[in-house]
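Undergrad: Predicted structure and sequence below. I'll ask about it afterward.
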Amino acid sequence: MRRQVDTDGDTPLLYALRNHLGLKGTRFGCGQGLCGACLVLIDGRPDYSCSVPMWAVDGRTITTIEGLGTPERPHPVARAFVAAQAAQCGYCISGMVVGAVGLLTDNDHPTEEQVRAGLDRNLCRCGAHNRIVRAVLAAAEELRGAAQAME
């Protein structure tokens, strides 16, 4: 769905998503593109929405956590996070899920080390990283199985 936001071109994408479009799943964390809480997919690649100005996304495809499924039909990565109990406080999880989806788009058979490296841009203060890594590996397996079933 194409949306237009009437805001200054230098406004960070995060503010437009949250304040103008009401998409609250993308979180404000550090505001400096360092923690990953604000990750969105821009043309399928994870990027920090707090440091991307609106002028830079004109005509591009933005996918937020809300675009990756619904509570009734969650994305396989989100489903794996729930199954692995990979969230404690939950603040970083939308960015983690978005980052994991980007990672699995590029690499459908990651190793544990590749998952850890791929999610290195996401900070989690709760100490749930081991469960998060297991969830991403489980989601990768599910996605591969689904792809094979469609062949």
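TA: Right, received. Where do you want to start? Numbers count the residues shown, from 1 in each chain.
Undergrad: Packing partners of the longest helix along the chain?
TA: Longest helix in the chain by number of residues (criterion: DSSP state H): helix 129-150. Contacting helix 129-150 under the criterion 3 or more C-beta pairs under 8 Å, 6 or more residues apart in numbering; DSSP states H and E are the following elements: helix 76-83, helix 93-106, helix 112-118. Where you see a C-beta, it was placed from the backbone N, CA and C, and this is true even at glycine.
Undergrad: Next, the angle helix 76-83 makes with it.
TA: Interaxial angle, helix 129-150 versus helix 76-83 (axes from the mean of the first three to the mean of the last three C-alpha atoms, to 10 degrees): 130 degrees.
Undergrad: separation between Arg18 and Val57?
TA: 15 Å (C-beta to C-beta, to the nearest Å).
Undergrad: cool, and Gln148?
TA: Gln148 is 34 Å from Val57, by C-beta to C-beta.
Undergrad: if you count what's nearby, which of these two comes out ahead?
TA: Remark: of Gln148 and Val57, Val57 carries more neighbours, 19 against 8, as counted by other C-beta atoms under 10 Å.
Undergrad: if we can go back for a sec, could I get the buried residue list for the longest helix of the chain?
TA: For helix 129-150, burial by neighbour count (16 or more other C-beta atoms under 10 Å) applies to His129, Arg131, Ile132, Val133, Arg134, Ala135, Val136, Leu137, Ala138, Ala139, Ala140, Leu143.
Undergrad: quick one: contacts for the residue nearest to the spatial centre of the chain?
TA: Centroid-nearest residue in the chain: Val98, 1.2 Å away (criterion: C-alpha atoms, centre = their mean). Contact partners of Val98, counting by C-beta atoms under 8 Å, 6 or more residues apart in numbering, are Leu39, Val40, Leu41, Pro46, Thr63, Thr64, Ile65, Leu68.
Undergrad: can you tell me how far it sits from Glu151?
TA: Separation of Val98 from Glu151 (C-beta to C-beta): 27 Å.
Undergrad: Do you know the pLDDT at the residue lying closest to Gly36 once chain neighbours are set aside?
TA: Spatially, and ignoring its direct neighbours in sequence, Gly36 is nearest to Asn122 (3.4 Å; C-beta to C-beta, 6 or more residues apart in numbering). You'll see Asn122 listed with a pLDDT of 91.
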